[in-house]
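Asks: sequence first, then the predicted structure, then my questions.
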4 protein chains.
Amino acid sequence: MAGSTLGTIFRITTWGESHGAGVGVVIDGCPAGLPLTNQDIQEYLDRRKPGQSRFTTQRQEGDEVEILSGIFEGRTTGTPIAMFVRNKDQRSRDYGNIMDVYRPGHADYTFDKKYGFRDYRGGGRSSGRETIGRVAAGAVAAKILKSLGIEIRAFSKSIGPVSVDPARFDWAERENNRLYMPDAQSAREAESYLDEMMAKKDSAGGIIECWMEGLPAGIGEPVFDKLSASLAKAVMSIGGVKGFEIGAGFEAASLNGSVNNDPFGIDKNGQVYKKSNHSGGVLGGISDGSRLTFRAAFKPTPSIASSQETVKRQGEETCIEIKGRHDPVIVPRAVVVVEAMAALTAVDLLFMSMTSRLDKIQAFFAYGQALEEEREKKERG
Amino acid sequence: MAGSTLGTIFRITTWGESHGAGVGVVIDGCPAGLPLTNQDIQEYLDRRKPGQSRFTTQRQEGDEVEILSGIFEGRTTGTPIAMFVRNKDQRSRDYGNIMDVYRPGHADYTFDKKYGFRDYRGGGRSSGRETIGRVAAGAVAAKILKSLGIEIRAFSKSIGPVSVDPARFDWAERENNRLYMPDAQSAREAESYLDEMMAKKDSAGGIIECWMEGLPAGIGEPVFDKLSASLAKAVMSIGGVKGFEIGAGFEAASLNGSVNNDPFGIDKNGQVYKKSNHSGGVLGGISDGSRLTFRAAFKPTPSIASSQETVKRQGEETCIEIKGRHDPVIVPRAVVVVEAMAALTAVDLLFMSMTSRLDKIQAFFAYGQALEEEREKKERG
Amino acid sequence: MAGSTLGTIFRITTWGESHGAGVGVVIDGCPAGLPLTNQDIQEYLDRRKPGQSRFTTQRQEGDEVEILSGIFEGRTTGTPIAMFVRNKDQRSRDYGNIMDVYRPGHADYTFDKKYGFRDYRGGGRSSGRETIGRVAAGAVAAKILKSLGIEIRAFSKSIGPVSVDPARFDWAERENNRLYMPDAQSAREAESYLDEMMAKKDSAGGIIECWMEGLPAGIGEPVFDKLSASLAKAVMSIGGVKGFEIGAGFEAASLNGSVNNDPFGIDKNGQVYKKSNHSGGVLGGISDGSRLTFRAAFKPTPSIASSQETVKRQGEETCIEIKGRHDPVIVPRAVVVVEAMAALTAVDLLFMSMTSRLDKIQAFFAYGQALEEEREKKERG
Amino acid sequence: MAGSTLGTIFRITTWGESHGAGVGVVIDGCPAGLPLTNQDIQEYLDRRKPGQSRFTTQRQEGDEVEILSGIFEGRTTGTPIAMFVRNKDQRSRDYGNIMDVYRPGHADYTFDKKYGFRDYRGGGRSSGRETIGRVAAGAVAAKILKSLGIEIRAFSKSIGPVSVDPARFDWAERENNRLYMPDAQSAREAESYLDEMMAKKDSAGGIIECWMEGLPAGIGEPVFDKLSASLAKAVMSIGGVKGFEIGAGFEAASLNGSVNNDPFGIDKNGQVYKKSNHSGGVLGGISDGSRLTFRAAFKPTPSIASSQETVKRQGEETCIEIKGRHDPVIVPRAVVVVEAMAALTAVDLLFMSMTSRLDKIQAFFAYGQALEEEREKKERG
């Protein structure tokens, strides 16, 4: 048990269900001195908010964050940051149709098997709303990374059969369409495809790609807490993710070593660089200083309005049509969730990496002493 | 730092480098009472041993395991099990050519960046020999699982461009060829392909698929320690793995919900079952009682004999040809490593799952008391 | 960093400061199926509430708990239980006198050194209010233990120079006085002593003793997570605790082996028992089935109204008199905190102990299967 | 289970039993670049070696350490350091007398209850030999601390009824007697007392005090991983320790706030200092820059030659006299073990503290970059 915590030095614990009082997160291990406002968090939450387009649920979820602790005079204090988003729109509904029925592709059956019973209103803990805590914490992680020159951006690489065309790739376009595709034409095609799926009472999946730039070389802990392995766990823990790959990924399996190996060279500043990036920014599971790139495969939304065969908890076969508004695809809203998981993983391993060399540790404590003395001098005038 | 430990309740710590005294592992948290001999471990180690075919290195590595602790009168005592395999074949060689040169596709550069210097003899800690500890521990985990009715088997699904044909799939064939392919014809084709690669001084990658059968429903801890996420981390931590997918995996991204959702039914024994298995045995990250299936993509062996562009530590460009015997593909020897990582993950999460329900905990302690009283009666005659 | 989490399987994370929005806790790893109401928690919180006597602060803190997640239809669901207590009585005060001054015996100076600045309103994170989260979680842990036949009770053993007289020891008395002393006469003497201290603008410390009964033998994990060691950490983490001892404790250092060793015997039911209990219920750090007894030494409350020498943050010497109402002793209110820490530690190690023997694990899974089948039969009629 | 690991960033895992192949430890998370030789370790091990005086067992245990990994060209590489000490002197003995009998004061009974059976030869895992791994790892931790200006020294404060007289306290004396008492006269008295105990077939306990100097302010993580709490756990995990206290400890419980609070002052260099040290170097669980002082109470050796009442595993009462040579007191040999546990705890929390402030983290990464560029320039000439 106790699987709701992620990270070692920068650690988050999420809590909450879709139909309880709300959802939240506690960040423990955030360094003191980071300027942080509700607005920093809200910008991230708004990107996963429903109701942004006709392909996302229309529930008015507001999702306004309250920061309950860990901030004083606009800056983090180094103590736990608790954040809370109340659930709204919890009209009492009739759950009679799903109370005893296992929805295919959902976790209803496995929760029952694991816990003996379940909160049958919505997805309970396995609801997409659980990701609110991740995104809120991810906003903090991303702000720390930014202050260190590290930037993370993800996008919808494919939705159903429609993929971004590398020739038309344009980050600016990502903001122009609600599918988070950096390619206007693909976005239009994907919209048509989703309209078609909705008409057919069906749903679609897709692939998200994420880039991290500015991460120094040397991040990731051999042999189990490799950067690639830790990212895989963080990303695969998002509901609906069925695959993860880094760099050339599955394609690497059919390449030859002479092609897949990235040659090293010396750039005009005398710095080592890689002439290609099949590795996706990791060698031996440790960041190599080049752009980190990875992808996550999302399955199609399991909630569909067409009739599906299933069983009741009591052991009889039945059929179910899942009513209500459900996103025909979760990929666009999951883009910010993937960014959040990448940020959380990177901050934790970045902090971990600080003790890899004794000479740097010695310098850190010598410097800390100097910094302190300087501050004291200043304060004392 | 401290990334050499995996697991929470059943926990392993590996240590050792390719050219030090040896490699080893400590298992902490193995239950008392498991019958265990060197032979149990050796059978697993022999499957990753080099020199088994012309596609694996010919070094005579013996790799004989010594169990140093944790066993008494043929059974585990519940205390840490330390296992040790000495490095042999460490003739003093001339490392002049790789001492200062970063081999493309290897971790030489990133180790230098992380630690300030590195053990340049062979791959050091990032050598494939590090997996010996994983496999030795995996043998113990697999034996525990077997005692609970759970079985794990992996195979080479593809090597370079050659894939197993599902129509010819036959587990029995896996043992007949040294590529661990469950399809005799594909194995022959893959062998030809590898001969070709060796002639070209090049290398190949491939895909390993793993099945786990008998795992009860309910294993995996929401939300971060999902079975799928934990497997992803464990498998992605193996050197050379660039991708992981479970069930339909990346293919699911282009399926529709009506196809990808697995309908539930009631079998003739009155048990719930899934009519298909796109989920690969997990729903909401928790085992659903059906067969667990996942795949790992391995990149081609980075050590190739043809000339590659690279740089020296001192900052000048150069070329390198990696001499010595290197496997043209690591996939066949990695099959048992994948099984080991799956076993280690499953045991840990299986043990974790034991506290998910209060009624079962109450029964456990009541039963334990009863068991103890019975033993006492028996011993006292 | 990230020190706000305790436990491995049954894990709590506390958050909050004395003058922020509130304080709270997330319990992760609570088994499903435990009946739980606000009242269960409130009873514990009320025992640490201020304003109960003239020796505790008169602030009207209410301290009403809200359970935000993890409960459905009156029972725990197995998902995280988030609990929240709002801070009231936060009138805007003038903190000018303590903003820049380090209060002796408080954490003001060390927080400044660690984090670079601090929330100077009250004790911030090092305030006694932080223990609210511990007590709320401890109430849940204690309820689980009770369902397994395990009971925990603590009491004030001494306050300043006044100690409970073993000859007059009476649990019933503990509830009759607000000092939680199981001895009416000592309680009266301690009250007089505290009156005297208040008149002198001074404060007192004391010792709390805790008993745990019903814990089965075999709990505690060699060699670092011994029951005694884990209790020591949990209890020493309470603000103001300067010492911990188990069984004969410090006195054992001057006893001889022939006296300190507890002889074993066989009772009339044929069960092994110890004829004395110098060990305090642990042998080799593992519970031995007899009563667990330990003590914690609390320093005197550091907030006193008499003048104390100290310094300002800016580096000049000054004096401070700490105004406002402060408890002249924290021991009585800490009794429930000690019980909570004991309960949290015991539950976690009890759950940990469930995988110590393979035969019991095998029985657990066989039983689980049987239980499941029985439930299904019942539900299907 | 899995209790054989201590620490988060600097982490050790010990293994081994008294009568198996040997005992050992794996250190994971040791920074790269520390010069380290067998001799560094051996010096520490020799201090806990038996056979140093007539009060320690005469078994010729040699206890020579082998370092199996993690060192290259005389420096740590940042990868796990595995260390191994073979058990010698394992003549096959007749264990018939203890095989089925529970020795009072030992862990025989609790191991049987926990694991169902036990390695009955000697103490198995609960033997004092297990501390060899702790001491070997502690030697490494102490060397890191020394390189950062931090020094740890412990001594025997009392043995049985004989205590060091503060008026005669002299560190130099500690090395002159094998009881590790910094007071020649007390050492002589303690020796007489131990002679008397041996004649009476009895044993003694004692108290060890430990000092740590040079630790910067700010170490320790609120609220559970406080420096005081973590030290308590580490020290209480040593076999035979029944109590732990820091600073004034249990005595603080009877002091008044006006006495126990340590006033702050400004020294002639303009630095903040404490005018007394009742706190023992921690405020709010965080180091305050003054000397850290703590004490551990050891029970008398449970192995005594006089007759004791006990029971057999089979449920009948019996008597036992424990033959063979056993130390009449373990305190002198435990002094280095206490130092080791303190060093391990301090290194881990020191490393933890490095991420408490964002400004220092930013400086660390900027500095790391600068350091790297400088190195490159130098290497490139």
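Replies: Structure received.

Asks: hang on, A:Phe250 in a helix?
Replies: Yes: judged by DSSP: H, G, I helix; E, B strand; the rest coil, A:Phe250 forms part of a helix.

Asks: tell me how many other residues crowd it.
Replies: The local packing of A:Phe250 (other Cβ atoms under 10 Å in any protein chain shown) involves 22 other residues. Placement of C-beta: from N, CA and C, glycine included.

Asks: what sits against it?
Replies: Residues in contact with A:Phe250 (Cβ atoms under 8 Å, 6 or more residues apart in numbering or on different chains) are B:207, B:242-243, B:245, B:250, B:297.

Asks: for chain A, what spans make up the helices?
Replies: Counting by DSSP state H, chain A has helices at residues A:38-48, A:96-99, A:108-115, A:131-147, A:171-174, A:184-199, A:227-236, A:257-260, A:331-352, A:358-379.

Asks: most packed of those helices?
Replies: helix A:227-236 (a mean of 29; mean count of other Cβ atoms under 10 Å in any protein chain shown).

Asks: contacts for that one?
Replies: Here helix A:227-236 has contacts from A:6, A:219-220, A:241, A:244, A:246, A:280, A:282, A:285-287, A:292, A:294, A:296, A:338, A:341-342, A:344-346, A:348-349, B:224, B:226, B:228-230, B:232-234, B:236-237, B:241-242, B:244, B:246, using Cβ under 8 Å, 6+ apart.

Asks: give me that answer again for 7 Å
Replies: Residues outside helix A:227-236 that contact it (Cβ atoms under 7 Å, 6 or more residues apart in numbering or on different chains): A:6, A:219-220, A:241, A:244, A:246, A:282, A:285-287, A:294, A:296, A:338, A:341-342, A:344-345, A:349, B:228-230, B:232-233, B:236-237, B:244.

Asks: one more: stretch A:251-265?
Replies: Contacts with stretch A:251-265, where a contact means Cβ under 7 Å, 6+ apart, come from A:248, A:272-279, B:102, B:104-105, B:109, B:158, B:160-161, B:197, B:202-207, B:242, B:297-302, B:304, B:306, B:308-311, B:317.

Asks: could you list the buried residues of that stretch?
Replies: A:251-258, A:260-264 (16 or more other Cβ atoms under 10 Å in any protein chain shown).

Asks: ends of it, how far apart?
Replies: End-to-end distance for stretch A:251-265: 24 Å, by Cα to Cα, to the nearest Å.

Asks: next one: that stretch to chain centre, how far?
Replies: With Cα atoms, centre = their mean, to the nearest Å as the basis, stretch A:251-265 stands 28 Å off its chain's centre.

Asks: quick one: the closest residue to chain B within the stretch 51-200 of chain A from B:Ser147, how far?
Replies: Residue nearest to chain B within the stretch 51-200 of chain A (Cβ to the nearest Cβ): A:Ala107, separated by 2.4 Å. Taking Cβ to Cβ, to the nearest Å as the measure, A:Ala107 falls 29 Å from B:Ser147.

Asks: do A:Asp262 as well
Replies: In terms of Cβ to Cβ, A:Asp262 sits 45 Å off from B:Ser147.

Asks: and the helix or strand bottoming out on mean pLDDT in chain A, what does it pack onto?
Replies: Least confident element among the helices and strands of chain A, by mean pLDDT, DSSP states H and E: helix A:96-99 (a mean of 77). Helices and strands touching helix A:96-99, by 3 or more Cβ pairs under 7 Å, 6 or more residues apart in numbering or on different chains; DSSP states H and E: there are none.

Asks: export that helix as PDB, just CAs?
Replies: Written as PDB, here are the backbone C-alpha positions of helix A:96-99 (Å, rounded to 0.1, in the frame of the first residue of the first chain):
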ATOM      1  CA  GLY A  96     -27.700   2.800 -10.000                       C
ATOM      2  CA  ASN A  97     -26.500   1.800 -13.500                       C
ATOM      3  CA  ILE A  98     -22.800   1.700 -12.600                       C
ATOM      4  CA  MET A  99     -22.900   0.800  -8.900                       C
END
